[in-house]
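J.: Got a predicted structure here, sequence first:
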Amino acid sequence: MIKQTKSTCCYCGVGCGVIIHSENDKIIDVKGDPQHPANFGRLCTKGSTLHLSAKLDNRLLYPEVRQSRHLPRTRATWDESLDLVVEKFATLIETHGPDSVAFYISGQLLTEDYYVFNKLAKGLIGTNNVDTNSRLCMSSAVAGYKLTLGADAPPACYEDIDHTDCLFIAGSNTAFAHPILYRRIEDAKEKNPNLKIVVVDPRQTDTAKAADLHLAILPGTDVALFNGMLHIMLWEGMLDNDFIDAHTNGFAELKETVREYTPKMVADICGIKEADIITAAKWFGKGPTLSMYCQGLNQSINGSDKNAALINLHLATGQIGKLGAGPFSLTGQPNAMGGREVGGMATLLSGHRDLANPVHRAEVASFWGIESISDIPGKSAVDMFKAVKDGSIKAIWIACTNPAQSMPDLNDVLEALDNAELVVVQDAFDNTETCQYADVLLPASTWGEKEGSVTNSERRITRVNPAVIPPAEARHDWAIVVDFAQRLEQRLAKNTALFPYTTTEQIFDEHRETTRGRDLDITGLSYTLLNEQGPQQWPFKNGDVTGKARLYADGVFQKPDGKAQFLNATYKGTADKTDARYPLHLLTGRLRDQWHGMSRTGNVAQLFNHAEEPVIHMSADDMMRRSIQNGDVVKVSNKRGSLVLPVQMSDEVKPSQTFIPMHWGSQFMHGLGVNALMPSAYDKVSKQPELKHTAIKLEKLELPWRMTVMRTIHNLDVLQKLKGYLSHFEYASCGLFGRETETHCGMLILRAAHTEAPDDQVIQDIDTLLGMTGDAPLLNYLDAKRGISKRILVETNLENKAEVTGVRLVGETLAAAWLKDVMGTGEFSPELRRWALAPLSAPPAGQRSRGKIVCNCLDVAENEIIDNIQLGADLLTLQNKLKCGTQCGSCVPELKQLVRIHAKH
């Protein structure tokens with residue numbers, strides 16, 4: 001019998017509701033929840049394939065431990081594992097003090113998980129060394145809100161998109177990072193053609209291309225732009241002086257600062273036109289204006305200033321607490337907001353309290369029934385791993401995150417993990433880069449198995465219900481922490497009993513009580529209400545019948561005098577500056593169909609089809625000056641590290657700028673990924689590192705030896721084993737392509753390039769791993785003198801038709817692209833068979849490659865779309881005929897671009 005369970009998506013902070021279909025304790029399908037107010041049934045490419053990632057491949061199923069760093073881990077019982085960790089933690093605490101241990105947790109944990117981790121560290125152990133990967137994505141947004149408005153509380157909501165007249169998107173490729181919100185933006189634009197969309201982004205992203213005005217500022221110049229816009233609003237008389245006088249402080253000082261930010265000065269700093277700055281200021285000032293912003297503002301050494309300078313514009317024009325207006329930070333992770341609510345960071349305490357505030361410390365200590373909370377500041381993410389490296393933190397517990405791929409200056413982080421006396425990793429997956437450093441691995445439940453609650457970007461709390469039970473010996477994150485904490489209480493002889501929980505509801509109820517009287521008061525909520533009435537926004541006080549959609553409508557802010565504070569921010573540059581040695585800007589960001597370090601999306605073949613391999617995007621001008629062609633392999637480097645990867649020409653980046661997506665790490669390429677190049681420098685207030693920008697040099701490499709390997713696979717073990725060969729080549733990447741079927745989970749692909757042919761044994765080992773040895777039904781070609789070897793595996797399918805299930809091209813790979821199409825379509829005609837081993841870059845009989853997949857939901861490729869456009873199809877015709885863009889809609893921005901480029905005028 002098929003069971004339906006309401007839950008949420010586990011990707012971005014939009015917090016989409018999903019309905020999970022399961023049968024025999026296995027997730028078989030997922031649909032958007034039409035009743036959930038965050039998405040009304042819509043899901044993006046990632047969310048709509050969640051069920052495909054819910055498989056046991058790469059799952060961590062049993063605890064594992066190793067007694068020595070030089071020994072392999074072996075399976076252990078939960079008792080053995082936790083007792084080992086308890087003894088080590090207790091000994092370190094007794095010998096070196098509570099600050100010798102630390103916890104690094106995740107915005108993908110549920111609120112209840114977060115709460116017990118925070119209580120374990122700050123309440124039981126007595127250390128504030130508990131931080132989260134939210135430090136890498138949202139801490140500058142938090143700082144911006146608190147500096148200006150007084151509390152970490154986004155004042156706007158998704159509904160404001162439907163009512164705004166100016167949407168100001170800064171530092172966010174919303175079409176890729178928050179696709180469901182972008183669908184809502186598209187709907188709003190269609191209903192209100194007068195809606196002005198302004199996008200501030202150095203790159204011409206899909207979001208920027210669809211804007212009415214794109215401000216392609218130079219990296220890191222956001223504060224100059226915002227101050228320049230305020231300068232124009234000031235002189236044009238567009239400010240709400242009554243609001244400023246009645247509800248704010250600090251405008252006089254800011255006014256003196258922005259007088260200097262003339263349109264000419266700002267245009268020179270930002271590299272954009274004066275007229276465009278004036279237009280943006282007038283549109284914003286007229287309003288109502290809703291600003292939406294994300295990592296482009298946050299991941300910066302000046303992130304707090306950037307956030308506050310944008311909020312200044314709203315305060316100066318009185319555009320806050322009103323329909324269609326307000327500063328709205330978009331959360332990067334599914335529960336980064338919930339983690340902040342329970343104080344799950346080194347600088348926070350439960351209920352939006354500040355660790356540095358002695359009154360707040362006393363309140364929480366009294367609530368927990370402990371003597372006190374330490375006043376010693378905890379280590380935030382970057383400093384935490386520096387302390388692990390220098391030995392002042394000796395044991396670190398990492399849960400549901402992958403710092404060995406996601407932290408900046410990765411070589412330092414890896415050295416830290418190598419240096420730690422104990423690394424505990426609590427995760428659902430065993431294939432992350434961090435797992436290899438674990439002395440103890442603890443298997444956790446994951447999406448579809450967990451229960452608790454999450455809070456999305458608009459302060460909306462959703463009840464998360466489990467569809468299936470965790471596999472094997474995996475446990476819920478909160479349950480692991482509670483078990484450990486109870487054991488540690490006994491070992492430390494503490495008579496506190498701080499962790500009496502047997503259900504998540506008990507934890508939620510305790511967390512709820514910590515919010516009483518606070519700005520996020522949720523004393524009116526319960527699991528029962530959330531299940532019966534659906535997701536609710538906070539504050540939701542006892543006695544309320546609904547939450548509050550917009551904050552500060554009364555002009556009263558969370559400051560001692562009730563007035564908002566203008567922050568007098570000035571423009572400062574990026575941490576890394578380009579110079580003669582490192583002349584190129586390197587920017588990072590998201591892909592449309594991948595998520596973070598790809599531990600989940602990297603298991604789904606079709607999510608690779610839109611972007612198949614790690615590349616560096618460059619402008620045509622920069623490529624021409626360096627005599628670089630599409631596909632040439634280059635070495636990208638700076639003082640922190642280097643990467644080797646192909647070049648892809650792009651119209652998204654300006655000359656002297658490049659772009660590498662953040663997702664690819666050592667699981668999918670030879671190299672650590674782009675974060676190895678990023679500086680560990682961070683914002684002085686938020687402690688958020690500058691993960692968006694660095695300076696690099698680029699060198700074209702001559703790697704004449706090439707190899708492409710493709711194979712249909714039935715489980716992901718083969719892909720995992722293949723990754724072990726990446727280090728044999730100067731350049732190598734591996735991943736998946738195609739689509740999962742009932743009989744296989746897609747096709748794997750390995751691309752490699754090297755200065756010369758590697759040892760023959762490496763190729764033989766790969767052949768053996770993939771089942772492409774001499775006894776298989778192979779088409780063979782060997783030219784030993786020229787170093788060319790080709791093998792094509794042709795097997796008979798269930799319909800008694802020949803299909804290509806494996807390709808291995810060594811020394812010459814011209815046919816790789818069209819043979820990849822052959823594998824994807826399953827068609828292997830006699831004509832194709834005749835030419836399969838020939839050095840042809842295009843298939844015979846006038847056929848051509850399908851091109852990249854644009855619509856992942858329905859497997860519609862670029863060349864088919866272009867052919868129809870050239871026959872006169874517009875977007876609506878494409879949707880009616882090919883059905884592309886009619887499911888999740890993530891490809892609609894790209895479809896519109898293709899229509900603009902290829903339509904006959």
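T.: Cool, the structure landed.

J.: gap between the residue located most distally from the centre of the chain and residue 811?
T.: Distance from the C-alpha centroid of the chain peaks at residue 785, with 47.3 Å (CA atoms, centre = their mean). From residue 785 across to residue 811, the span is 11 Å (CB to CB, to the nearest Å). For every residue, glycine as well, the C-beta is placed using N, CA and C.

J.: Excluding sequence neighbours, find me the nearest residue to residue 331.
T.: residue 13 (2.6 Å; CB to CB, 6 or more residues apart in numbering).

J.: so what's the backbone phi/psi at the residue farthest from the centre of the chain?
T.: Dihedral angles of residue 785 (phi, psi; degrees, to the nearest 10) stand at phi -60, psi -40.

J.: Report the separation between it and residue 577.
T.: 51 Å.

J.: ok, now residue 829?
T.: Residue 829 is 57 Å from residue 577, by CB to CB.

J.: In three-state terms, label residue 376 for me.
T.: Here residue 376 is recorded as coil under DSSP: H, G, I helix; E, B strand; the rest coil.

J.: Around it, how many other residues sit close by?
T.: 14 (other CB atoms under 10 Å).

J.: Could you do residue 314 as well?
T.: 28.

J.: Against residue 439, how distant is it?
T.: 49 Å.

J.: Residue 94 too?
T.: In terms of CB to CB, residue 94 sits 19 Å off from residue 439.

J.: Specify which residue of those two has the higher count of neighbours.
T.: residue 439 (22 against 12).

J.: just checking, that one touches residue 398?
T.: No. In this structure, residue 439 is not within contact of residue 398 by CB atoms under 8 Å, at 11.2 Å.

J.: Which residue ranges of the stretch 51-200 of the chain form helices?
T.: Under the criterion DSSP state H, counting those that start in this stretch, the stretch 51-200 of the chain contains helices at 78-96, 111-118, 139-148, 174-177, 179-191.

J.: among these, which is the most enclosed?
T.: Mean neighbour counts were compared across the helices of the stretch 51-200 of the chain using mean count of other CB atoms under 10 Å; the top stretch is helix 111-118, at a mean of 29.

J.: Quick check: mean pLDDT of that helix?
T.: The average pLDDT for helix 111-118 rounds to 98.

J.: Could you do stretch 87-95 as well?
T.: 98.

J.: With only the CA atoms kept, save it in PDB.
T.: Taking Å, rounded to 0.1, in the frame of the first residue of the first chain, the C-alpha atoms of stretch 87-95 are listed here in PDB:
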ATOM      1  CA  GLU A  87      36.000   8.800  27.300                       C
ATOM      2  CA  LYS A  88      38.100  10.800  24.900                       C
ATOM      3  CA  PHE A  89      36.000  14.000  25.300                       C
ATOM      4  CA  ALA A  90      35.800  13.600  29.100                       C
ATOM      5  CA  THR A  91      39.600  13.100  29.300                       C
ATOM      6  CA  LEU A  92      40.300  16.200  27.200                       C
ATOM      7  CA  ILE A  93      37.800  18.300  29.100                       C
ATOM      8  CA  GLU A  94      39.300  17.200  32.500                       C
ATOM      9  CA  THR A  95      42.900  17.700  31.200                       C
END
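
J.: worst-scoring helix or strand of the protein, pLDDT-wise?
T.: helix 830-835 (a mean of 87; mean pLDDT, DSSP states H and E).

J.: What helices and strands are in contact with that helix?
T.: If contacts are counted by 3 or more CB pairs under 8 Å, 6 or more residues apart in numbering; DSSP states H and E, helix 830-835 sits against no helix or strand.
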